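J.: Build me a model from this:
(one chain, ligands or ions: 1)
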Amino acid sequence: MTSATAPLRKAVLPAAGFGTRFLPITKSIPKEMLPVGDKPVIHYVVAEAVAAGCTDILIVVSRDKGSIVDYFDRAPDLERRLRASGKDEAADEIVRIATQARFHFIRQPEMKGLGDAVLQARDHVGDEPFALLLADTMIVDANGRPGSPAALDALSVAHADTGASAVAIEPVPADRISRYGVVGGTECAPGRFALDRMVEKPAPADAPAVRRLDGTRDPGGWAFAARYLFTPGIFEHLARTPPGKNNEIQLTDAMAALLAEEGFSGCRLPGERLDIGNPAGLLEANRRVLSL
Ligand code: G1P
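T.: Coordinates of the predicted model:
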């Protein structure tokens with residue numbers, strides 16, 4: 001296991017999926033590039049990683065996702081044009097987007113699932129803990145603001161305490177449980193959980209349960225909330241994970257194997273998760289950001 005106190009430097013953002021729930025627009029525009037206010041969704045996810053201290057960002061893309069690469073690249077012609085016409089503020093913003101961290105991109109050759117997308121990061125990440133942020137999900141704080149480091153900070157604290165991996169989790173009602181990776185475990189301090197099971201998209205009747213500090217059980221369950229901190233041990237398990245649910249290599253299956261080996265913390269998500277992977281979620285995110 002790696003040092004429990006190593007600062008989190010690297011973040012991995014999988015952004016390789018088809019975006020089928022957003023067809024036909026995702027035929028030519030990656031879902032991560034859909035606008036929330038005047039910025040693409042992935043802008044806010046990167047801002048969150050940078051706010052948490054990550055200086056190295058690896059985005060896992062696929063064919064036809066070149067606009068994501070362009071967005072985080074310098075655009076010298078545009079910068080010159082903006083400065084020549086006195087629009088220095090706009091030019092500064094364009095430069096800041098490309099220089100806020102070191103950006104790297106890798107292609108997932110085949111769409112074999114989220115677990116396979118994360119496995120593409122193996123050589124780049126090497127032997128240190130890293131953050132994983134799903135690029136189609138924004139987290140907003142209590143004031144509705146995106147870009148807060150609170151979720152990754154909570155995961156870092158849990159990792160520093162235990163040396164193990166940690167995942168943000170949130171309660172979800174029974175009728176939505178089968179959309180998510182769902183955990184079982186015990187709350188050991190307010191908002192902190194020792195996990196003992198992980199199941200990808202279970203039927204409500206098969207969902208594992210979480211025991212709260214006060215001994216109660218939630219009627220639904222607790223689901224992954226799109227932010228993770230992994231020890232590099234996850235890669236060994238991903239490499240061995242066969243296709244699971246939907247015939248895809250499931251990150252959740254590799255996480256369950258890592259849990260058996262190293263243990264795993266759950267941290268109640270500070271803030272609210274906005275799933276941008278469907279039109280209603282995108283509309284809600286726009287409503288929040290535009291009313292700030
Ligand atoms: C993925 C994961 C799932 C997780 C969800 C949201 O599912 O497989 O475990 O709960 O993201 O964080 P997807 O939304 O890609 O189907």
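J.: only C-alpha atoms for contact and neighbour calcs from this point on.
T.: OK.
J.: List of residues touching the strand or helix carrying I68?
T.: When elements are assigned from DSSP states H and E, I68 belongs to helix 66-71. Outside helix 66-71, the residues within contact range by Cα atoms under 8 Å, 6 or more residues apart in numbering are I29, P30, E32, M33, I97, A98, F105.
J.: count of neighbours near the nearest residue to the fifth one once chain neighbours are set aside?
T.: Distances taken as Cα to Cα, 6 or more residues apart in numbering put F72 closest to I97, at 6.1 Å, once the chain neighbours are dropped. Residues near F72, counting by other Cα atoms under 10 Å, number 21.
J.: any chance you could map the helices in the stretch 1-150 of the chain?
T.: Taking DSSP state H, counting those that start in this stretch as the criterion, the stretch 1-150 of the chain contains helices spanning 41-51, 66-71, 76-84, 88-99, 114-119, 122-125, 150-162.
J.: okay but the residue nearest to I97 is in contact with R102, surely?
T.: No - contact between F72 and R102 fails when scored by Cα atoms under 8 Å: they sit 9.6 Å apart.
J.: related to what we said a few turns ago, how about the contacts made by the residue nearest to I97?
T.: Counting by Cα under 8 Å, 6+ apart, F72 has contacts I97, A98, F103.
J.: next one: F130
T.: So F130 contacts L8, R9, K10, A11, V12, L229, F230, T231, P232 (Cα under 8 Å, 6+ apart).
J.: Go through those and say which is closest to the ligand.
T.: For these, the minimum distance to the ligand (Cα to the nearest ligand atom) is 13.1 Å, reached by L229.
J.: How much space separates that closest one from A158?
T.: 9 Å (Cα to Cα, to the nearest Å).
J.: what do you get for S28?
T.: 40 Å.
J.: So between the two, which is more surrounded?
T.: A158 (23 against 11).
J.: Among the helices of the stretch 1-150 of the chain, which comes closest to L213?
T.: Smallest distance to L213 across those (Cα to Cα): 17.2 Å, for helix 150-162.
J.: which other helices and strands contact that closest one?
T.: strand 165-172, strand 221-230, strand 264-268 (3 or more Cα pairs under 8 Å, 6 or more residues apart in numbering; DSSP states H and E).
J.: Deepest-packed of the ones you listed, please.
T.: Highest mean neighbour count of these: strand 264-268, a mean of 27 (counted as mean count of other Cα atoms under 10 Å).
J.: Report the distance from that one to the chain centre.
T.: When C-alpha coordinates are averaged (Cα atoms, centre = their mean, to the nearest Å), strand 264-268 and its chain have centres 15 Å apart.
J.: Appreciated, that's everything.
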